[in-house]
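Enquirer: below are the sequence and a predicted model; questions follow.
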Amino acid sequence: MASRTPEYLGEPTLGQVMRRPQWIAALVLAMVVAAVFAWLGQWQMGNAIRDNVDDLTATETVRPIDDLTEPMAGIPEIAAGAVVSVEGAFAPGDFAVVSDRMNRGPDESAARTQGAWVVGHLVRSEQDNASLAVAVGWAPSDAEARAAADRLNGLPADTVRALEGRYLPAEAPEMPRPDVDPHSMRTMVPAFLVNEWATTPAGPIYGGYLVLHDAGDAPDLAGVGLTPIDSVAPSAPEKVSWLNVFYAIEWVVFAGVALFLWYRLARDAWEKEHEILLLTAAAQAEEVAAAGETGTTPKP
């Protein structure tokens, strides 16, 4: 036969046990824990609904870089991948080459080919001499990129240019391969470029870098034979963060578990009391039966 859950009749009832001071105190503690979990769930749910999606998707609207980020700061989400405008002067002698860069160019139907970037050091005198790494253009080979960089390194200093491009976060650094020059660069890491620049930065440094869009306003930049670098708009973020929704549900479940745990412990205490009463009654009945058989008086 299947086992049946025993029924416990009489006092103390489950309600009487739950109303005892120690269990009321335990209930208060469980409610505090549940309230904290519920607040965390509400906080996660508040973060799940993103109100700034329109701002994050307006990446193609040209905005001054100072409106989106500051030097020496992390890359805020609203600035990552945004098209920005910036003014500054390129430091002479600081144009360098970043190898192994894929590019398609203006023809979207063309295949992506491997080449190299030419990158420069833009100094913003009006922003405490802040330094910004700028990817000026792409060349189909390292040799052509170095030739273009050499020409750009001969540009006159202190020529302020108004530039426009896409501001991107720094890439992850990579260890150089054993078969290449250890000083060669294959990723765009402004922190590494700082160590290579001949002009030591006199001010803060931007954590990201700029991919130049149009050098038409700077003929000396456009006349070195570089191809514009592919500049792809970032994917639009979702309005609802389902990961945050999942975390919110988790916290609600934890709050329910805290209250259920109190109920389960109180019920276990109630059942234990009744089991002790039943065992005591059974022991007394056995004593009475044994006394009747021997004719002695059972112990009270």
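Expert: Arrived safely. Numbering: from 1, shown residues only.
Enquirer: continuing past the longest strand belonging to the chain, what's the next helix or strand?
Expert: Taking DSSP state E as the criterion, the chain has its longest strand at strand 113-124. Once the chain leaves strand 113-124, the next helix or strand it forms, by DSSP states H and E, is strand 130-139.
Enquirer: elements contacting that next one?
Expert: For strand 130-139, the packing partners by 3 or more Cβ pairs under 8 Å, 6 or more residues apart in numbering; DSSP states H and E come out as strand 83-90, strand 96-103, strand 113-124, helix 142-153, strand 160-168, helix 190-196, strand 205-212. Every residue, glycine included, has its C-beta placed from N, CA and C.
Enquirer: would a markdown table of the ones you listed with distance to P12 and mean neighbour count be doable?
Expert: Shown next, in a markdown table, are the helices and strands packed on strand 130-139 (distance: least, Cβ to Cβ, whole Å; neighbours: other Cβ atoms under 10 Å):
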| stretch | distance to P12 | mean neighbour count |
| --- | --- | --- |
| strand 83-90 | 72 | 21 |
| strand 96-103 | 77 | 19 |
| strand 113-124 | 78 | 23 |
| helix 142-153 | 86 | 18 |
| strand 160-168 | 69 | 19 |
| helix 190-196 | 70 | 15 |
| strand 205-212 | 66 | 23 |
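Enquirer: okay if I get the ones you listed as CSV plus mean pLDDT and distance to P71?
Expert: Shown next, in CSV, are the helices and strands packed on strand 130-139 (pLDDT from 0 to 100; distance: least, Cβ to Cβ, whole Å):
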stretch, mean pLDDT, distance to P71
strand 83-90, 92, 11
strand 96-103, 92, 20
strand 113-124, 93, 8
helix 142-153, 92, 23
strand 160-168, 90, 12
helix 190-196, 88, 11
strand 205-212, 93, 5
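Enquirer: JSON lines for the ones you listed, including distance to P64?
Expert: Shown next, in JSON lines, are the helices and strands packed on strand 130-139 (distance: least, Cβ to Cβ, whole Å):
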{"stretch": "strand 83-90", "distance to P64": "5"}
{"stretch": "strand 96-103", "distance to P64": "26"}
{"stretch": "strand 113-124", "distance to P64": "11"}
{"stretch": "helix 142-153", "distance to P64": "25"}
{"stretch": "strand 160-168", "distance to P64": "10"}
{"stretch": "helix 190-196", "distance to P64": "20"}
{"stretch": "strand 205-212", "distance to P64": "13"}
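Enquirer: quick one: closest of the ones you listed to A25.
Expert: The minimum distance between A25 and the helices and strands packed on strand 130-139 falls on strand 205-212, with 51.5 Å, by Cβ to Cβ.
Enquirer: spell out which residues make up each domain of this protein.
Expert: 17-46+241-292, 53-222 (automatic domain parsing).
Enquirer: now the weakest link among those, please, by mean pLDDT.
Expert: Here the lowest mean pLDDT among the domains of the chain goes to domain 53-222, at a mean of 85.
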